[in-house]
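# After the sequence you'll find the predicted model.
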Amino acid sequence: MSGVLLWVNCGPKENAISLVGFARKDVRIQKRFRLCSGISFASFSSAVVEPSRSSEERVYEVVLKQAALLKEQRKDRKKGLDFDKPIEGDFTNGDLLSSAYDRCGDVCAEYAKTFYLGTQLMTQERRKAIWAIYVWCRRTDELVDGPNASHITPKALDRWEQRLTDVFEGRPYDMYDAALSDSVSKYHVDIQPFKDMIEGMRLDLRKSRYNNFDELYLYCYYVAGTVGLMSVPVMGIAPESKASTESVYNAALALGIANQLTNILRDVGEDARRGRVYLPQDELSQAGLSDDDIFRGKVTDKWRNFMKGQIKRARMFFDEAEKGVSELNSASRWPVWASLLLYRQILDSIEANDYNNFTKRAYVGKAKKLLSLPVAYGRAFLGPQKLTKMITR
Ligand SMILES: CC(C)=CCC/C(C)=C/CC/C(C)=C/CC/C(C)=C/[C@@H]1[C@@H](COP(=O)(O)OP(=O)(O)O)[C@]1(C)CC/C=C(\C)CC/C=C(\C)CCC=C(C)C
Ligand SMILES: [Mn+2]
């Protein structure tokens, strides 16, 4: 792949911004605590009083760092730099780069049709970068979830991480890497969320139980919250937005967490058959349930009640995410609304299946999927409306 190496020209990224500390930590933790009230979260309340740092505090540190980086980009925009304009003369072989992006687009179209459709409204430059990020995430997930997953070792993940560093330093190994290398050099995308996603895959290799929500939250951040953090700098914050960069990142993080929690609730039976239980153990036992009940897979009133609490929490994260979507660049809002509405409806489907997520896979039917697209369009361009909320909830 030396041909690829030759034509990609981007310098090493530096982590120039130091961590910003926890000036607003207490406010935020209290806010999230309110967000989760109504469900008994022993681990959550103890995170507030415990001197050791909770997962949320640790993740928030990354959010602050990412927000600080993007603030620079928002300043650049005010100075008149245009992130939607292709940068010309940057590469010795623009054709190769352009076909690298086309291949990323093909992968998206193949694996995530609705999402691919949604990206069509984004500006060409941003769309290409989102495709490149999508492909890297999909490949990373395939390492632990794909056909060769049983051969994946922590060493292989270390090699994948080294390769990631090379990509960020302008030394891509293949076409998909080259597209990513180009994208992250163009936008202020930091390597940290990418590294953290790999950390999530490491966690998946060594851990199959989560003692409490604090542990699960960290896992959800690693494998999905990170996607939100990677995407914001590319999607861009609307120039007219008055929201703080940090609040937009919080919303993006919340969407990743909400999606992953939903994914976990949808796949309880499937995961159990692989010996995995992602549900918080302390909450299971508070509900009078154990792993055995999950392996038995019988829907009981105890299970229904437990599931109601879990669904409620996932919805709270979706609500938190919704607050940030309108702050994104208008062209980026549609795919985000579409994915939010579609994923959120999986929770409705679990309810419609009478909480049988052991043997029935919750899914969103074609008609509902199709209806979600114009609803998402309406929200993206007209703003959230009561009528559309009634349709989709
Ligand atoms: C518009 C949009 C959705 C952009 C994101 C594009 C992108 C880079 C997606 C990558 C997704 C990916 C392949 C992640 C790898 C890990 C993984 C598989 C996570 C699970 C996704 C669902 O996939 P699926 O149902 O196929 O799961 P299976 O593999 O079949 O089990 C996740 C549940 C998480 C995905 C997380 C997101 C899409 C986060 C989206 C957040 C944003 C785009 C931020 C939006 C900004 C604001 C301000 C709200
Ligand atoms: Mn997966």
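Received it, and whenever you're ready, just let me know what you need. No experiment lies behind these values; they were computed from the predicted model shown. Ligands and ions are numbered 1, 2, ... in the order given.
# What residues does the stretch 251-393 of the chain have near ligand 1?
Residues of the stretch 251-393 of the chain that fall close to ligand 1, judged by Cβ under 6 Å from any ligand atom: 251-252, 255-256, 259-260, 263, 321, 324-325, 328, 335-336, 339. The way it works is simple: take the backbone N, C-alpha and C, and place the C-beta from them, glycine included.
# residue ranges of the strands in the stretch 251-393 of the chain, please?
Counting by DSSP state E, counting those that start in this stretch, one finds strands in the stretch 251-393 of the chain at the ranges 277-280.
# got the contact list for the nearest residue to Y363 once chain neighbours are set aside?
Excluding the flanking residues, the one nearest Y363 by Cβ to Cβ, 6 or more residues apart in numbering is S349, at 6.1 Å. Neighbour list for S349: 362-364 [criterion: Cβ atoms under 8 Å, 6 or more residues apart in numbering].
# One more pass at 10 Å, please.
Neighbour list for S349: 262, 266, 357, 360-365, 368 [criterion: Cβ atoms under 10 Å, 6 or more residues apart in numbering].
# Looking at it now. What's its pLDDT?
We have a pLDDT of 98 for S349.
# Which single residue of the chain ends up nearest ligand 2?
D145 (4.1 Å; Cβ to the ion).
# burial count for that residue?
Taking other Cβ atoms under 10 Å as the criterion, the count of residues near D145 is 13.
# from memory it sits against N263, does it?
No - D145 is beyond contact range of N263, at 11.3 Å (criterion: Cβ atoms under 10 Å).
# Find residues that contact each of these two.
Counting by Cβ under 10 Å, 6+ apart, the contacts common to D145 and N263 are V223.
# so E327 touches A238, yeah?
Yes - using Cβ under 10 Å, E327 is in contact with A238, at 6.0 Å.
# Common neighbours of those two, please.
Counting by Cβ under 10 Å, 6+ apart, the residues touching both E327 and A238 are 248, 333.
# For these two, indicate the residue with more neighbours.
Applying other Cβ under 10 Å to E327 and A238 shows that E327 carries more neighbours, namely 21 against 17.
# if I pick the more buried one, what's in contact with it?
Shown in contact with E327 (Cβ under 10 Å, 6+ apart): 232, 236-238, 240-245, 247-248, 251-252, 333.
# Count the residues that sit near P239.
The local packing of P239 (other Cβ under 10 Å) involves 10 other residues.
# for the protein, which spans come out with low pLDDT?
Within the chain, the ranges that satisfy pLDDT under 70 run 1-51, 74-93, 384-393.
# Would you state the helices of the stretch 101-250 of the chain in chain order?
113-119, 124-145, 154-168, 175-186, 192-206, 213-220, 226-235, 245-266 (DSSP state H, counting those that start in this stretch).
# For D291, see how far away V248 is.
Distance of V248 to D291, computed by Cβ to Cβ, to the nearest Å: 38 Å.
# out of these two, which sits in the busier spot?
Shown here are V248 and D291; by other Cβ under 10 Å, V248 has more neighbours (26 against 15).
# thought that one was touching S332?
No - assessed by Cβ under 10 Å, V248 is found out of contact with S332, at 11.2 Å.
# Now the common contact residues for these two.
Common contact partners of V248 and S332 (Cβ under 10 Å, 6+ apart): 232, 235-238, 325.
# any chance of the residues you listed in CSV, plus distance to A179?
What follows is the shared contacts of V248 and S332, written out as CSV (distance: Cβ to Cβ, whole Å):
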residue, distance to A179
V232, 19
M235, 17
G236, 18
I237, 23
A238, 26
V325, 26
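# Farthest-apart pair in these, please.
Largest separation among the shared contacts of V248 and S332 by Cβ to Cβ: G236 and V325, giving 12.7 Å.
# and for the two, which residues touch both?
Counting by Cβ under 10 Å, 6+ apart, the common neighbours of G236 and V325 are 248, 332.
# who's more crowded, those two?
Set side by side, G236 and V325 show more neighbours around G236, with 26 against 22, by other Cβ under 10 Å.
# List the contacts of the closest residue to that one other than its chain neighbours.
In space, and not counting its chain neighbours, G236 is closest to N329: 4.0 Å by Cβ to Cβ, 6+ apart. With contacts defined as Cβ under 10 Å, 6+ apart, the neighbours of N329 are 83-84, 122-123, 126, 234-241.
# now do 7 Å
Contacts for N329 (Cβ atoms under 7 Å, 6 or more residues apart in numbering) come out as 235-238.
# just G225 next, same as before
Applying Cβ under 7 Å, 6+ apart, we find G225 in contact with 59, 253, 256-257.
# how about the contacts of S349 in a markdown table, adding neighbour count?
Listed next are those as a markdown table, based on neighbours: other Cβ atoms under 10 Å:
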| residue | neighbour count |
| --- | --- |
| T262 | 25 |
| R266 | 21 |
| N357 | 27 |
| K360 | 16 |
| R361 | 14 |
| A362 | 21 |
| Y363 | 13 |
| V364 | 18 |
| G365 | 10 |
| K368 | 17 |
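# Show me which residues of the stretch 51-200 of the chain sit near ligand 2.
Contacts of the stretch 51-200 of the chain with ligand 2, taken as Cβ under 5 Å from the ion, map to 141, 145.
# repeat that with 8 Å
Listed as neighbours of ligand 2 in the stretch 51-200 of the chain under the rule Cβ under 8 Å from the ion: 141, 144-145.
# out of those residues, which one sits closest to G297?
For these, the minimum distance to G297 (Cβ to Cβ) is 21.8 Å, reached by D145.
# Can you tell me how far the closest one is from R138?
As judged by Cβ to Cβ, D145 and R138 stand 10 Å apart.
# Tell me how many other residues surround K308.
Neighbourhood size, K308 [other Cβ under 10 Å]: 13.
# Would you mind measuring from it to R103?
Separation of K308 from R103 (Cβ to Cβ): 44 Å.
# Endpoint to endpoint, stretch 266-286 covers what distance?
The first and last residues of stretch 266-286 sit 21 Å apart, counting by Cα to Cα, to the nearest Å.
# Hmm, I typed the wrong one, I wanted stretch 117-124.
This stretch, stretch 117-124, spans 13 Å end to end (Cα to Cα).
# now what about it, what contacts it?
If you take Cβ under 7 Å, 6+ apart as the criterion, stretch 117-124 is touched by 84, 127, 130-131, 331-332, 334-335, 338-339.
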